[in-house]
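Chemist: any chance you could fold what I've pasted below:
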Amino acid sequence: MSATAVTARSVTKTVSINRPVAEVFAFLADPANWPAWAVVNVKAIEPANDPGWWLMTTPHGPARLRIRSNPELALLDHDYVEDQASWQVPARVVPNGTGAEFMITFFQPPAFTDAFFDEQVALVDIELATLKRILETGA
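Modeler: Next comes the predicted model:
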């Protein structure tokens with residue numbers, strides 16, 4: 001018996017940031033910075049006892065985050081685990097002229113309804129605008 005592969009619904013968001021790629025990558029690769037820009041989903045964060053993992057306070061309760069970064073390739077893939085679901089989020093920082101483009105892809109977890117997934121993905125626009133403002137203006 002073989003399992004049928006299912007392709008998940010996905011959405012990729014991007015934001016252009018007028019800062020060097022290395023600077024954008026360094027900021028995003030440090031989970032301690034996430035409450036500053038991921039203002040909808042990350043209320044607080046602290047290192048976990050498990051190396052590489054961080055404990056987050058989110059609007060939906062506690063969660064764990066692990067960033068699997070690769071500075072040479074500017075990869076910022078991360079794992080997100082909470083009580084209701086867990087998923088992987090591919091993310092990249094690529095050159096865009098003298099600035100950078102941050103790209104992040106969300107796959108709809110099976111436990112999420114279409115409406116809830118759409119709502120959560122729409123909120124990411126607020127976070128990406130905040131990220132851009134922080135990195136471009138320092139505010």
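
Chemist: just give the closest residue to residue 32, not the sequence neighbours.
Modeler: Leaving aside its sequence neighbours, residue 32 sits nearest to residue 45 (Cβ to Cβ, 6 or more residues apart in numbering; 6.6 Å). For glycine as for every other residue, the C-beta is placed from the backbone atoms N, C-alpha and C.

Chemist: then that neighbour would be within a strand, right?
Modeler: Yes - counting by DSSP: H, G, I helix; E, B strand; the rest coil, residue 45 falls inside a strand.

Chemist: number of nearby residues for it?
Modeler: 20 (other Cβ atoms under 10 Å).

Chemist: and if you look at residue 139?
Modeler: By other Cβ under 10 Å, the residues close to residue 139 number 5.

Chemist: which ones are touching the residue nearest to residue 74 when sequence neighbours are not counted?
Modeler: Nearest non-adjacent residue to residue 74, counting by Cβ to Cβ, 6+ apart: residue 93, 4.3 Å away. Residue 93 makes contact with 21, 24, 25, 28, 74, 76, 100, 101, 102, 103, according to Cβ atoms under 8 Å, 6 or more residues apart in numbering.
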